[in-house]
Each structure stands twice: as structure tokens, then as C-alpha cells.
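*Asks:* missing the sequence, but the structure's below:
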């Protein structure tokens, strides 16, 4: 729209949409080896600019810069963290820290602490809700199940029911596996379950990475997660994983909490953990933007921007994200 194009959005209001369940964390360094995320130096400034611009457009705050406080559980982990604070690749993001701050006396402490800066949390459910309102107010939102059989091709255009378009872009999450044009791409999906809990007057102001993530939301509500399941892939929360999350949370928190909700969703990713962007090899009027996985909050602004430039300005897509990498 900013580039002068008209759009129509079709959204089936899918209850198992992973973005509705996600914590929306942007975390520059990850893993036990404390490595910098793929392209993170480029991703973070683009994400910050994008979300702040979107906040002004939608008149709603949902981008929350928050450091990640990481609990270290051994001398070995502490030594590695201290080593990383002097590593040119990641030193910009990692800080030495001994201050539990508002977590003090409310959680079990580890051997040491590390802190990650330039991280953030995006309120994804709120972003989706306000985006839907925005498109609805402009009469651009169609809340309905998309019927693949109604897609017709004619003279380099694509038609869906009574809509004629230059392109249809499929952004379907794990449901993309059922897409008749893109379902053959190597999706690799994982089910995740999370808790939403109320911790009265805890006032945690940072994201905590303990045995679980504890992510501050609004009104004393915290996102607790997450689990991974690769076999039983449905969007239904299970008692088994709920109890697993509770057991871990009980070992972390030393203050009372109340479970507010328990949700599950399926994360869309690919076998090489890179996005899936591009046009169909036979039907160039069909495109896909998918496969953002657990890092969607940081990946999406950068790669959607790149995809728009590819569509409208004939610029290239990063070869590690282009679906053409699977055509070889």
C-alpha cells in the first residue's frame, strides 16, 4: 500500500495461528554457545523502524524494547559468557551482569547472570488485532476461508472469485503445507505449548531466560514457554505439556502465580530454518512468504521488505531465503 498498490486481505481467522500464541521475542544471541542470530545486525534496525512506524499508523503501542536476563547455571557457562563479552562478533549484544533487579527474591538464582541488549518483545496478538481493524475499516479485509479451487489464471493475471490481481501472496503459516502450489516445499513444523500466568505485583521489567522464558506482557500477565513437539501436530493444548510447564515454572518462581490460559500452536519453519520466499516456477502471479519459524518477529519485517522490493523493483531475494534454493 505504501508503494501505491491496492490490496485485498483474505484471513480465515484461524484459531491455531502461531502468531496469536507467540511471545514475539527479538533476541540477538541464542543457544548454549551464545551465538549471534543469522543476519541479526541487519534485522534489528529494520524491525525497530518497521514496528515504530506501524505503531504510529495503527495508533497503538506493541513494540517493547526489553533486555533479556539470562540465568547461567555453571562456572563453565559463566566463563563462556564472560568470554563472549570480549568477542568482536557478539560483544555489542552481551553484557556482564550481577543484578537480578526486580527478579531478586522472586526466582531461584543460578551460578551467575548474563544480559542481552537490543532485544525486544512484540505484542503479536495486539498487532494482529489492530491490523485487522485497520484493513476492515478500509474495506480491504475478507474474513473467510480461502478456496484454492476458485483461483483462475488468465493473461498473466490471477482471479479469485470477483477479484482480479497481479499477484496472490500466500502467507499461511503451517497451513501452507496444504497449498496446492507451494505445499511441496520442505516445511518442517513443530507444535509449541505456552502458559499465560498472572504474577501479582512482580513488576518484572525484563525478559527472563531461565529453564523457560518468562516474558512480561500487560497487567501482571506473563508469557511462559515454550515446548516442542514434532510428531503429534495439532493445535490442541495437552495436559501433559501443561504439567511439564508448571513443573518447570514451580522450580523458577518463588512467588505465587495464577494460570490464566494455556494455548498451543504449530510453528511454520523449513528444513534449513530459513524463510520461504518467492514466486511459483510455473505461475509467476502466485507468491509465498512463509517459514519464519520461532524468529518471525525479527525476520518478517526485513524479508517482507525485501520481497516487496523483489516484486516491484526487480531486486533479488537473499538466496538463503529464496525458494529457488530448492529447485537445484
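*Replies:* Happy to help now that I have it. For clarity, every value in this text was computed on a predicted model and none was experimentally measured.
*Asks:* my guess is residue 269 meets residue 191, correct?
*Replies:* No. Residue 269 is beyond contact range of residue 191, at 11.7 Å (criterion: C-beta atoms under 8 Å). Heads up, the C-betas are built off the backbone N, CA and C, glycines and all.
*Asks:* Give the burial count for residue 185, as a bare number.
*Replies:* Residue 185 is flanked by 18 other residues according to other C-beta atoms under 10 Å.
*Asks:* so where do the strands sit in the stretch 151-300 of the chain?
*Replies:* All strands of the stretch 151-300 of the chain, identified by DSSP state E, counting those that start in this stretch, fall at 151-154, 157-160, 163-165, 168-170, 190-198, 207-209, 213-216, 221-225, 258-267, 276-279, 286-290.
*Asks:* helices and strands around the second one, which ones?
*Replies:* It refers to strand 157-160. Under the contact criterion of 3 or more C-beta pairs under 8 Å, 6 or more residues apart in numbering; DSSP states H and E, strand 157-160 touches strand 151-154, strand 163-165.
*Asks:* The first one too?
*Replies:* Strand 151-154 is packed against strand 157-160, with contacts defined by 3+ C-beta pairs under 8 Å, 6+ apart.
*Asks:* The strand it packs on pairs with which strands?
*Replies:* strand 151-154 (antiparallel), strand 163-165 (antiparallel) (DSSP bridges).
*Asks:* Just the buried positions in the helix or strand of the chain with the lowest mean pLDDT, please.
*Replies:* For the chain, scoring each helix and strand by mean pLDDT, DSSP states H and E identifies helix 18-21 as the least confident one, at a mean of 89. Going by neighbour count (16 or more other C-beta atoms under 10 Å), the buried part of helix 18-21 is 18, 19, 21.
*Asks:* which stretch among the strands of the stretch 151-300 of the chain comes nearest residue 86?
*Replies:* strand 207-209 (21.1 Å; C-beta to C-beta).
*Asks:* what residues does the closest one touch?
*Replies:* Strand 207-209 is touched from outside by 25, 27, 66-71, 103, 107, 119, 121, 213-216, 252, with contacts defined as C-beta atoms under 8 Å, 6 or more residues apart in numbering.
*Asks:* cool, and stretch 241-249?
*Replies:* 193-195, 197, 211-212, 224-225, 227, 229, 257, 259, 262, 264.
*Asks:* Buried ones from those residues, can you make that a ChimeraX selection?
*Replies:* In ChimeraX, a selection of the buried entries from the contacts of stretch 241-249 looks like this (16+ other C-beta under 10 Å):
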select :193,194,195,197,212,224,225,227,229,257,262,264
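*Asks:* what's the farthest-apart pair in the contacts of stretch 241-249?
*Replies:* Every pair of the contacts of stretch 241-249 checked by C-beta to C-beta; the farthest is 229 and 257, at 23.9 Å.
*Asks:* ok, back up a step: out of the strands paired with strand 157-160, nearest to residue 238?
*Replies:* Smallest distance to residue 238 across these (C-beta to C-beta): 35.9 Å, for strand 151-154.
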